[in-house]
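S.K.: Sequence plus predicted model, see below.
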Amino acid sequence: LQKILSSKDSEQSSNPSIKCIVLAPTKELIKQIEKHMTDLIYYCRETLTICSLADDNASVQKFRLQSKPDIVISTPARFVQNMKAFEMDLNSVTTLVMDEA
C-alpha cells in the first residue's frame with residue numbers, strides 16, 4: 001500500500017491505473033482480503049481504490065474495472081475472464097500478490 005501511495009504522490013499525470021493485482025483461490029478469501037485491505041486504507045480511502053471481483057454480476061465487474069482501481073482482488077480464473085472481456089490495461093501494474101490455499 002505504501003508503494004502505491006508513494007507512486008501516486010510522484011506521478012505526473014492524473015490518469016488512474018491498476019497498480020496491484022491480488023490473486024486468491026476462492027471467493028471467501030477474496031472477501032477476507034478485501035475487508036482487511038479496506039481496513040488498512042481507512043485513512044487514505046479517498047486516494048486508494050480497491051476492486052473486488054468476487055461478485056458474479058459481469059456488469060458490476062465491468063463498471064468497477066472501468067474506474068481503473070489501484071488494487072484488483074480476484075480469483076485467477078475470474079481475473080483472466082475479465083482481462084479478456086474488458087481489455088484491462090496492465091501496463092502500470094507494479095505488484096502481483098498470489099495467495100495459495
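M.R.: Cool, the structure landed.

S.K.: can you give me the strands in this protein?
M.R.: With DSSP state E, the ranges of strands along the chain come out as 20-23, 50-52, 71-74, 95-98.

S.K.: ok, the second one: who's next to it in the sheet?
M.R.: Here the strand partners of strand 50-52, with direction, are listed using DSSP bridges: strand 71-74 (parallel).

S.K.: Can you show me the CA trace of the strand it pairs with as PDB?
M.R.: What follows is strand 71-74 as a C-alpha-only set of coordinates in PDB (Å, rounded to 0.1, in the frame of the first residue of the first chain):
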ATOM      1  CA  ILE A  71      -5.900  -2.600  -6.500                       C
ATOM      2  CA  VAL A  72      -7.800  -5.500  -8.100                       C
ATOM      3  CA  ILE A  73      -8.600  -8.600  -5.900                       C
ATOM      4  CA  SER A  74      -9.700 -11.700  -7.800                       C
END
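
S.K.: and it, average pLDDT?
M.R.: Mean pLDDT, computed over strand 71-74, is 95.

S.K.: Need the contact partners of that strand.
M.R.: Residues outside strand 71-74 that contact it (Cβ atoms under 8 Å, 6 or more residues apart in numbering) are 4, 18-24, 30, 33-34, 37, 48-54, 65, 79, 82. C-beta coordinates here come from the backbone N, C-alpha and C atoms, glycine included.

S.K.: Drop anything exposed from those residues.
M.R.: Among the contacts of strand 71-74, those buried by neighbour count (16 or more other Cβ atoms under 10 Å) are 4, 18-24, 30, 33-34, 37, 48-54, 65, 79, 82.

S.K.: Could you check how far the closest residue to Leu96 other than its chain neighbours is from Tyr43?
M.R.: Nearest non-adjacent residue to Leu96, counting by Cβ to Cβ, 6 or more residues apart in numbering: Ile21, 5.2 Å away. Using Cβ to Cβ, to the nearest Å, we find Ile21 at a distance of 23 Å from Tyr43.

S.K.: tell me which residues form a beta bridge with the residue nearest the centre of the chain?
M.R.: For the chain, the residue nearest the mean C-alpha position is Val72 (1.4 Å; Cα atoms, centre = their mean). Beta-bridge partners recorded for Val72 (DSSP bridges): Ile21, Cys51.
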